[in-house]
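Engineer: here is a sequence with its predicted model. Questions after.
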There are 2 protein chains.
Amino acid sequence: MNYSRQRAEVLDQIREHEDHPTADVIFAELRQKDPSISLATVYRNLKLLSDLGEIRKLSFVSGADHFDSTIKPHYHFVCERCGKVYDIPMKVAEALDSEAEMYIPGAITGHDLVFRGICDECGALEGSRDSQK
Amino acid sequence: MNYSRQRAEVLDQIREHEDHPTADVIFAELRQKDPSISLATVYRNLKLLSDLGEIRKLSFVSGADHFDSTIKPHYHFVCERCGKVYDIPMKVAEALDSEAEMYIPGAITGHDLVFRGICDECGALEGSRDSQK
DNA sequence: TTATGTGCAAATCATTTGCAAGATC
DNA sequence: GATCTTGCAAATGATTTGCACATAA
């Protein structure tokens, strides 16, 4: 047989997200279905699954790591206000890698591209109610 | 007058690095010159200086945040083996922002591009002594 | 003399780990 | 029964915060 019950639950739960949840979000959601699951197990399985290449760990947001169920390379957008992470379905520019390789003392295997800005949700809030801190 | 002694020390110390040190590296170095400076002060001033735009906080490396004395937008290379962060002096592709904007629900203000790979130092180690682990 | 900044220690947050008990082969 | 996993609690690492004292405008 394959994955333990908990391991499968963690993987399933991530796959239900189009966004990219953090470990504690996954944990909170799983707790509903499986009140005995522990946070350590969630962390252990997130690590294991991303080592196996089943999911991808996103470390580029400040604070907690996010997890992505899509392993195929793609770009992201992070809202600077709310911190949400969205996928961007644009084409990955492999040409960038070879261009960069000319400038650096090493071999490039890939790149992460993260766009920053304000998502429409946060932008709308600000537009309607006047903007401030 | 302007910055407190400690604040100025922190800023100076970062500016002495071509690489991108973490808070505890800065702290350890400053301790030599100024044995009474505290880690909390280093953190407080790093935060303040990056809020002021004097330095830039890099959150895209796993683990501790790194700090960059160059505020002008530029790209980075992170060695997956040793974790070192290098600058890449290639041209920033602003065109990417407008391209991405067509795909997402929000306004883009910029992007971070981080190349991953193995730096020559780490590559050499591996090449000479055979690779394993 | 009011605001600002500091050092220290305790607090917080994200994540990892040791260990005894549980599940699986 | 050996091995892999779990849940729990304690440990760790990075960063922040409360507070009394120091410093500066």
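Structural biologist: Great, that's in hand.

Engineer: could you pull out the strands in chain A for me?
Structural biologist: Secondary structure of chain A (DSSP state E): strands at A:56-58, A:66-68, A:75-79, A:85-88, A:106-119.

Engineer: indicate which one of those strands is closest to residue B:15.
Structural biologist: Among the strands of chain A, strand A:106-119 comes nearest to residue B:15, with 24.6 Å by C-beta to C-beta. In this view, the C-beta of every residue, glycine as well, is placed from N, C-alpha and C.

Engineer: tell me if the closest one is near chain B.
Structural biologist: Yes: Strand A:106-119 lies within reach of chain B by C-beta under 8 Å from any C-beta of the partner chain, at A:106-119.

Engineer: likewise for stretch A:61-73?
Structural biologist: Yes: for stretch A:61-73, a contact with chain B is found by C-beta under 8 Å from any C-beta, at A:61, A:62, A:65.

Engineer: now, which of those residues sits nearest residue B:13?
Structural biologist: The closest of these, once distances to residue B:13 are taken by C-beta to C-beta, is residue A:62, at 22.3 Å.

Engineer: what residues are up against that closest one?
Structural biologist: The neighbourhood of residue A:62, defined by C-beta atoms under 8 Å, 6 or more residues apart in numbering or on different chains, consists of A:83, B:57, B:59, B:65.

Engineer: now those residues: which count as buried?
Structural biologist: Buried subset of the contacts of residue A:62 (neighbour count, 16 or more other C-beta atoms under 10 Å in any protein chain shown): B:57, B:59, B:65.

Engineer: lowest-confidence entry in those residues?
Structural biologist: Among those, residue B:59 has the lowest pLDDT, at 88.

Engineer: which residues of chain A lie near DNA strand C?
Structural biologist: Selection of chain A residues close to DNA strand C by C-beta under 7 Å from any atom of the strand yields A:1, A:4-5, A:22-24, A:39-40, A:43-44, A:47, A:63-65.

Engineer: which pair of those residues spans the longest distance?
Structural biologist: Farthest pair in the residues of chain A next to DNA strand C (C-beta to C-beta) is A:1 and A:63. Separation: 36.2 Å.
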